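**Q** Return a 3D structure for these sequence lines:
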Amino acid sequence: MFQSLVQFQREIYLALAEQIKLVSANGDWAGFLAFLPMGVMFGAAHALTPGHSKAILATYLTGSTNGVGRGIAVSLILSFTHVTMAVLIALLSLPLVSFALGTVGRAPLLEDISRGLLGLIGLWMLWRSLRRNGHIHHTHEGEVVGIMAGLIPCPLTLFVMTFAISRGIPAAGLAFAATMMIGVAVTLSAVAIVAILFRQQLVHVLQSRPQLVAAVSRCIEAVAGFVLVAIAVHEILMK
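**A** Here you go, the predicted model:
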């Protein structure tokens, strides 16, 4: 399946490159606009491949008390930040690229910052799960997690923006990045919904025993916090 997703993305990217060349050569915006919806499928397929903080999103939402609506909001913030970071890096051009990027499509500095901040969230969840009163959440905790997890820029968005800028039509890159963001958001929202429904179903099964529900909830949050810390440490040490 992974190879199929890679091949699907490659075909769309090559087609996009041709569209951008046509716009650059003769201003064929009509053809480009007709092709633009493919960006949604491109982003959705790309978000299915490894990365994009899906595990972090699912882990956090499983251990939190966020409902489906709030979970989707977190996934939308993550998607927006993930794609926007790549757009900003491309638009700010070489000074930021040379400072933030190590290898093509990666941003080690931003990755370290993202993982470090998420590790702190994990520690907070661990500490909170050990308190007797259990789930005491800050109002905007989910939004903060979405921003932190999204700090790592989307590599394909960076490629698209760089190619469009090199052809002198950054507007085409911005337009395609916007449609990609929708696709990424669809996939991450699906991950969020599954994680939350899983937690809610588990709580529903145990609802006749409120003390057990409270204990299981604290346990899930502790495990989620530990996993976030472990991911942060592993990613930073193994870069």
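
**Q** what sits against V216?
**A** By C-beta atoms under 8 Å, 6 or more residues apart in numbering, the residues touching V216 are 202-203, 206. In short, each C-beta sits where N, CA and C put it, glycine included.

**Q** As TSV, those residues with pLDDT and secondary structure would be great.
**A** Below are those laid out as TSV (pLDDT from 0 to 100; DSSP: H, G, I helix; E, B strand; the rest coil):
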residue	pLDDT	secondary structure
L202	80	helix
V203	76	helix
L206	72	coil
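
**Q** out of the residues you listed, which one sits closest to L22?
**A** The nearest member of these to L22, counting by C-beta to C-beta, is L202 at 52.3 Å.

**Q** Just give the number of residues close to the closest one.
**A** Residues near L202, counting by other C-beta atoms under 10 Å, number 15.

**Q** what helix or strand does the closest residue to it other than its chain neighbours sit in?
**A** Counting by C-beta to C-beta, 6 or more residues apart in numbering, V216 is the residue found nearest to L202 once chain neighbours are left out, at 7.0 Å. Taking DSSP states H and E as the criterion, V216 maps to helix 210-237.

**Q** what's the distance between F32 and C219?
**A** To C219, F32 is 52 Å away according to C-beta to C-beta, to the nearest Å.

**Q** more neighbours, the two?
**A** Per other C-beta under 10 Å, whichever of F32 and C219 has more neighbours is F32, with 20 against 12.

**Q** doesn't A25 make contact with that one?
**A** No - with contact defined as C-beta atoms under 8 Å, F32 and A25 do not form a contacting pair (11.7 Å).

**Q** Report the residue spans of the chain with pLDDT below the cut-off.
**A** Filtered on pLDDT under 70, the chain yields the residue ranges 1, 51-52, 93-114, 118, 132-139, 207-208, 210-214, 235-236, 238-239.

**Q** Just the helices from it, written as ranges.
**A** 2-26, 29-35, 38-48, 54-63, 68-92, 94-100, 108-129, 141-150, 155-166, 170-205, 210-237 (DSSP state H).

**Q** Brilliant, that's me finished.
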